[in-house]
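A.B. asks: coordinates only, sequence not included:
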């Protein structure tokens with residue numbers, strides 16, 4: 001990136017940047033020498049414009065190691081004049097700020113616009129730092145990081161609420177180990193007798209109407225006992 005600068009003959013004023021700063025100069029292609037009364041004009045070879053390949057007479061732009069008519073130093077995409085604005089160069093061609101970033105800068109995975117400065121990389125995509133947040137609640141991610149579902153980021157709270165299996169006892173999300181029984185998943189602490197809520201000491205429990213019971217509360221004539229590995 002560079003900023004255009006104006007210079008008078010033999011006096012360059014420029015701003016630093018990754019691209020050379022264009023400068024505006026007078027073409028010294030016509031010079032006269034003294035030594036006789038009439039004087040003799042001595043012409044040097046005129047500079048050639050890098051855009052139109054025509055000789056430059058008068059003011060010219062110096063940029064990218066080339067010389068240009070001031071009206072010909074333009075963005076190679078949109079033809080915006082770059083004489084007094086910042087420009088970018090790639091493969092020997094000048095670009096305005098907008099077209100350069102649109103063509104060559106990474107695009108944000110959220111807004112799909114060019115990322116000009118700080119870039120965050122996650123989930124195989126690039127993001128503006130302010131655009132990488134939970135898809136559900138919109139909050140940015142803290143020290144706990146994020147969780148992924150269908151290639152979208154979620155905070156832990158929303159991920160568990162939306163996608164984690166729910167306990168058949170308390171209906172809260174299940175993390176870590178769980179018990180599979182009675183066509184459902186259970187927190188270990190939640191799988192107990194429906195009446196007294198005491199966990200089962202052994203691997204056996206009793207079932208009535210799809211609910212687990214301890215032997216003491218199991219009703220006479222209910223379904224046969226079943227075993228589960230806790």
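C.D. replies: The structure has been received and is ready for your questions. Small disclaimer: the values here were computed from a predicted structure and weren't measured.

A.B. asks: Quick one: low-confidence residue ranges for the chain.
C.D. replies: Applying pLDDT under 70 to the chain picks out residues 1-45, 201-203, 219-230.

A.B. asks: Spatially central, which residue of it would that be?
C.D. replies: A centroid search over the chain (CA atoms, centre = their mean) returns residue 127, at 1.9 Å, as the residue closest to the centre.

A.B. asks: I'd guessed it sits against residue 106; true?
C.D. replies: No. Assessed by CB atoms under 8 Å, residue 127 is found out of contact with residue 106, at 9.0 Å. Where you see a C-beta, it was placed from the backbone N, CA and C, and this is true even at glycine.

A.B. asks: So this structure: which segments form each domain?
C.D. replies: 2-30+44-103, 106-163, 165-230 (automatic domain parsing).

A.B. asks: Check the ones you listed for me and report the most buried one.
C.D. replies: Of all the domains of the chain, domain 2-30+44-103 has the most neighbours on average by mean count of other CB atoms under 10 Å, namely a mean of 16.

A.B. asks: Residue 48 - nearest residue in space that isn't next to it in sequence?
C.D. replies: Nearest residue to residue 48, sequence neighbours excluded (CB to CB, 6 or more residues apart in numbering): residue 55, at 6.2 Å.

A.B. asks: That neighbour and residue 87: what is the separation?
C.D. replies: Using CB to CB, to the nearest Å, residue 55 is found at 24 Å from residue 87.

A.B. asks: again, but for residue 49
C.D. replies: Applying CB to CB to residue 49 and residue 87 gives a distance of 17 Å.

A.B. asks: The protein: helices as residue ranges?
C.D. replies: Secondary structure of the chain by DSSP state H: the helices cover 97-104, 156-163.

A.B. asks: contacting residues around residue 111?
C.D. replies: Applying CB atoms under 8 Å, 6 or more residues apart in numbering, one finds that residue 111 lies in contact with 128, 131.
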